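Colleague: I'd like to go over a predicted model; first the sequence, then the structure.
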Amino acid sequence: MKDNPWERAINQLNNALGYIEIDDVLYQRLIHPDRTIEVSLPLKLDNGKVKTFRGYRVQHNNLRGPYKGGLRFHEGVDLDEAKALSFWMSMKNAVVNIPFGGGKGGISVDPKKLSEKELENLTRLFVNKLFEVIGPQKDVPAPDVNTNPIIMAWIVDEYSKLIGRKSPAVVTGKPIENGGSEGRVAATGLGGVFSLVQIFKLMGVNYKGMTVAIQGFGNVGMFLAKYLHEDGFKVVALADSQGGIYQKNGFGDIEIIEVCKKEKGKLSECYCVGGVCDITNRDKLEGKDITPEEVLELPVDIVIPAALGNSITQKNASEIKAKYILEMANGPTLIDAEKTLDKKGKVIIPDILANTGGVIVSYFEWYQNVHKEKWEKEVVLKKLKEKINKATKEVFENSKKYDTTFRNAAYITALKRLQKI
């Protein structure tokens with residue numbers, strides 16, 4: 001049976017409500033998004049033909065402030081996914097105590113099949129369909145899967161034209177020169193490291209030398225690997241959608257692997273020695289090629305799903321050997337899989353805590369735009385660490401108080417804040 005992400009989100013909410021009570025009006029607001037938007041986007045292609053795409057935006061709730069959440073351009077985008085992701089954004093923003101509600105959306109499209117001109121025209125068309133319901137005090141989109149600062153700049157430009165004035169705060173994740181924040185690119189990955197380290201410190205666990213396998217080597221996975229390595233973890237496996245590499249003695253230089261992947265288009269040839277990356281180095285490094293699925297089943301201390309959701313299933317949950325799972329993707333663990341992992345005593349640091357670094361710095365970017373300020377990178381990252389560490393401590397304390405998992409504790413933390421509104 002296909003997992004429905006919206007049903008999974010409500011299941012997680014209901015699990016947390018086994019520990020605390022909330023007002024029924026709040027409950028109804030959480031299980032019924034404020035607004036769901038579905039638009040048709042007929043685009044004239046470079047060859048003169050017209051193709052119609054579907055666009056979505058779900059505004060989950062704005063109890064704590066403007067709706068906030070990414071736009072993804074991916075063929076898997078649909079209403080149930082957008083509803084679940086917008087719900088999780090509401091929870092994330094409440095967990096880390098920033099004044100936003102939850103929103104999410106995107107376009108059902110494979111952007112690799114469009115030219116840059118077609119992609120820009122499609123983005124601007126989407127803005128034309130949404131501009132009356134987004135804005136700095138209404139709904140603030142951001143980058144997500146297959147979207148980036150360039151696409152955010154197109155949105156700012158089109159929105160500003162439509163309303164007749166420059167409005168950089170309509171989105172976050174913009175290029176620095178267009179009002180973006182220092183530190184935003186690294187924020188999600190770095191935030192995950194902050195949360196993981198804080199959990200280990202609170203648990204009294206010595207994490208130095210712990211082995212790590214990461215599924216996903218986009219922006220998030222790359223920065224995760226880099227900062228984990230710098231903090232004394234041993235990153236031994238990396239994989240993207242095409243495959244990956246495993247070196248039992250760990251990687252010495254994450255950035256050279258990133259350069260190699262960009263040059264060669266895949267990780268499987270990125271066995272690097274002395275600045276030279278080539279598959280001929282594999283045996284010398286005692287390395288081996290792995291599939292994206294195998295990376296989660298390696299004999300390591302920590303596995304990190306950092307790609308798309310639904311990666312930990314009932315099929316592979318029993319094969320996961322790592323004790324700790326850091327959820328850097330949104331919704332990576334299916335319901336039955338989580339039950340299996342809980343029974344086996346695995347420790348899950350949930351997505352609604354672990355991957356909040358991006359939205360925290362998005363809030364900082366929005367704040368700087370609205371107040372016409374510009375913060376140095378060191379200031380941004382210091383504030384990020386403070387926010388993540390404080391939220392992680394609250395989640396840890398709630399897990400102890402209610403004798404429950406970190407996921408339930410994160411929901412409890414969020415729901416207590418929402419209940420006070």
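Modeller: Great, that's in hand.

Colleague: which regions of the stretch 1-150 of the chain sit below the pLDDT cut-off?
Modeller: Using pLDDT under 70 as the threshold, the predicted model of the stretch 1-150 of the chain has low-confidence ranges 1-2.

Colleague: and the strands in it, which stretches?
Modeller: With strands called from DSSP state E, counting those that start in this stretch, the stretch 1-150 of the chain shows them at 35-44, 50-61, 67-73, 102-107, 139-143.

Colleague: tell me which of those lies nearest to residue 243.
Modeller: Counting by CB to CB, residue 243 lies closest to strand 67-73 out of the strands of the stretch 1-150 of the chain; the figure is 22.9 Å. (C-beta placed from N, C-alpha, C; glycine too.)

Colleague: partner strands of the closest one, parallel or antiparallel?
Modeller: Under the criterion DSSP bridges, strand 67-73 sits next to strand 102-107 (parallel), strand 139-143 (parallel) in its sheet.

Colleague: columns distance to residue 294 and mean neighbour count on top of the strands of the stretch 1-150 of the chain, output as a markdown table?
Modeller: Written out in a markdown table, the entries for the strands of the stretch 1-150 of the chain read as follows (distance: least, CB to CB, whole Å; neighbours: other CB atoms under 10 Å):
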| stretch | distance to residue 294 | mean neighbour count |
| --- | --- | --- |
| strand 35-44 | 37 | 15 |
| strand 50-61 | 33 | 20 |
| strand 67-73 | 26 | 28 |
| strand 102-107 | 29 | 29 |
| strand 139-143 | 29 | 26 |
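
Colleague: need those strands in CSV (columns: distance to residue 324).
Modeller: As requested, the strands of the stretch 1-150 of the chain are arranged in CSV below (distance: least, CB to CB, whole Å):
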stretch, distance to residue 324
strand 35-44, 36
strand 50-61, 29
strand 67-73, 26
strand 102-107, 27
strand 139-143, 28
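
Colleague: gap between the spatially closest residue to residue 89 that is not a sequence neighbour and residue 308?
Modeller: Nearest non-adjacent residue to residue 89, counting by CB to CB, 6 or more residues apart in numbering: residue 102, 3.4 Å away. As defined by CB to CB, to the nearest Å, residue 102 lies at a distance of 19 Å from residue 308.

Colleague: do the same with residue 290
Modeller: The gap separating residue 290 from residue 308 is 18 Å, by CB to CB.

Colleague: the two: which is more packed in?
Modeller: residue 290 (22 against 17; other CB atoms under 10 Å).

Colleague: surely that one is in contact with residue 247?
Modeller: No. Residue 290 is beyond contact range of residue 247, at 10.5 Å (criterion: CB atoms under 8 Å).

Colleague: overlap in contacts of those two?
Modeller: Taking CB atoms under 8 Å, 6 or more residues apart in numbering as the contact criterion, the common neighbours of residue 290 and residue 247 are residue 237.

Colleague: list the neighbouring strands of the helix or strand where residue 235 lies plus their orientation.
Modeller: Per DSSP states H and E: residue 235 is located in strand 234-240. Strand 234-240 pairs in its sheet with strand 211-215 (parallel), strand 243-247 (antiparallel), by DSSP bridges.

Colleague: so what touches stretch 9-26?
Modeller: Residues outside stretch 9-26 that contact it (CB under 8 Å, 6+ apart) are 27, 30-31, 63, 83-84, 87-88, 331, 335, 402, 404, 407-408, 411-412, 415-416, 418-419, 421.

Colleague: selecting buried members of those in ChimeraX, what would you type?
Modeller: Only the buried members of the contacts of stretch 9-26 end up in this ChimeraX selection, burial being decided by 16 or more other CB atoms under 10 Å:
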select :30,63,83,84,87,88,331,404,407,408,411,412,415,418
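
Colleague: helix or strand next in line after the longest helix seen in the chain, which one?
Modeller: With secondary structure taken from DSSP state H, the chain has its longest helix at helix 377-401. Of the helices and strands lying after helix 377-401 in sequence (DSSP H and E), the nearest is helix 406-419.

Colleague: helices or strands up against that following helix?
Modeller: Taking 3 or more CB pairs under 8 Å, 6 or more residues apart in numbering; DSSP states H and E as the contact definition, the neighbouring helices and strands of helix 406-419 are helix 5-16, helix 24-31, helix 79-95, strand 347-349, helix 351-354, helix 377-401.

Colleague: could you rerun that using 6 Å?
Modeller: The criterion is 3 or more CB pairs under 6 Å, 6 or more residues apart in numbering; DSSP states H and E, and the helices and strands that helix 406-419 contacts are helix 5-16, helix 79-95, helix 377-401.

Colleague: I'd like the ones you listed as TSV, with distance to residue 228 appended.
Modeller: TSV is the format used below for the helices and strands packed on helix 406-419 (distance: least, CB to CB, whole Å):
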stretch	distance to residue 228
helix 5-16	26
helix 79-95	21
helix 377-401	15
